[in-house]
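In: the sequence and its predicted three-dimensional model are supplied below.
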Amino acid sequence: MPITPATATHDSSNGIAEAILLELVDENGVTIGTAEKLAAHQPPGQLHRAFSVFLFDERGRLLIQQRALGKYHSPGVWSNTCCGHPYPNEAPFAAAARRTHEELGVSPSLLAEAGTVRYNHPDPDSGLVEQEYNHLFVGLVQSPLRPEADEVGDTAFVTPAELAERHEKEPFSSWFMTVLDAARPAVRELTGPSAGW
């Protein structure tokens, strides 16, 4: 797996591991500083910038991913196509495209902004807190997936009915329904009314 700041800490010139930094924001999404990734997710959580991507195939099915079992936060649960955090001073759009390629090995053939949503979701299993100002993106995927095993345990393309059935039976990330509901207007515009989103 290629090592990037999004996938690992790295050694500085003096040999000390540097922590991954997130961009802290106020309630309006204005940058107010930075915090180490794990520290920002410790209770009660620090409000930070994030992104969520929803990609669809030509049949209007949503690509979901199961997070790899080795992830420190929400391992093994299903979630949206891709989610993560921009580096400080990185545009959310650029971060969304970058992480989609890093995690799934594809570049969206279309990627459009779909608004923002702010939420506070404690994760009872890990004890961590998702206190996020989340930038939403919707798009199309038309290339074969090449998931990175350290990031993604499994993938599936689902219709709305298949998603509802899976959501009843299998664990999903605590933020999944919040970000999906916030993205639905843009999803419907992208997929058309016949897709049922």
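Out: Everything's here; your move.
In: phi, psi for residue 153 please.
Out: With angles defined as degrees, to the nearest 10, residue 153 sits at phi -80, psi -40.
In: my read: it touches residue 77, true?
Out: No - the pair residue 153 / residue 77 is not scored as a contact, 9.3 Å apart, by CB atoms under 8 Å. For the C-beta atoms, the positions are set from N, CA and C on the backbone; glycine is no exception.
In: quick one, strands of this structure?
Out: In the chain, the strands defined using DSSP state E lie at 10-11, 17-18, 21-25, 31-36, 48-56, 62-67, 78-79, 82-84, 110-122, 129-140, 152-158.
In: next up, the contacts around the closest residue to residue 75 other than its chain neighbours.
Out: Excluding the flanking residues, the one nearest residue 75 by CB to CB, 6 or more residues apart in numbering is residue 69, at 4.9 Å. Contacts for residue 69 (CB atoms under 8 Å, 6 or more residues apart in numbering) come out as 75-76, 153.
In: just to revisit the earlier point, now for residue 153 and residue 77: what residues contact both?
Out: 66-67.
In: beta partners for the spatially most central residue of the chain?
Out: Closest to where the C-alpha atoms of the chain average out (CA atoms, centre = their mean) is residue 83, at 0.9 Å. When bridges are called by DSSP bridges, residue 83 pairs up with residue 52.
In: from now on call the first residue 56
Out: Got it, the first residue is 56 from now on, which makes the last one we talked about residue 138.
In: quick check: the gap between it and residue 159.
Out: Going from residue 138 to residue 159 by CB to CB, to the nearest Å gives 12 Å.
In: one more: residue 107?
Out: 14 Å.
In: kindly report the same for residue 214.
Out: Here residue 214 is placed at a distance of 20 Å from residue 159 (CB to CB).
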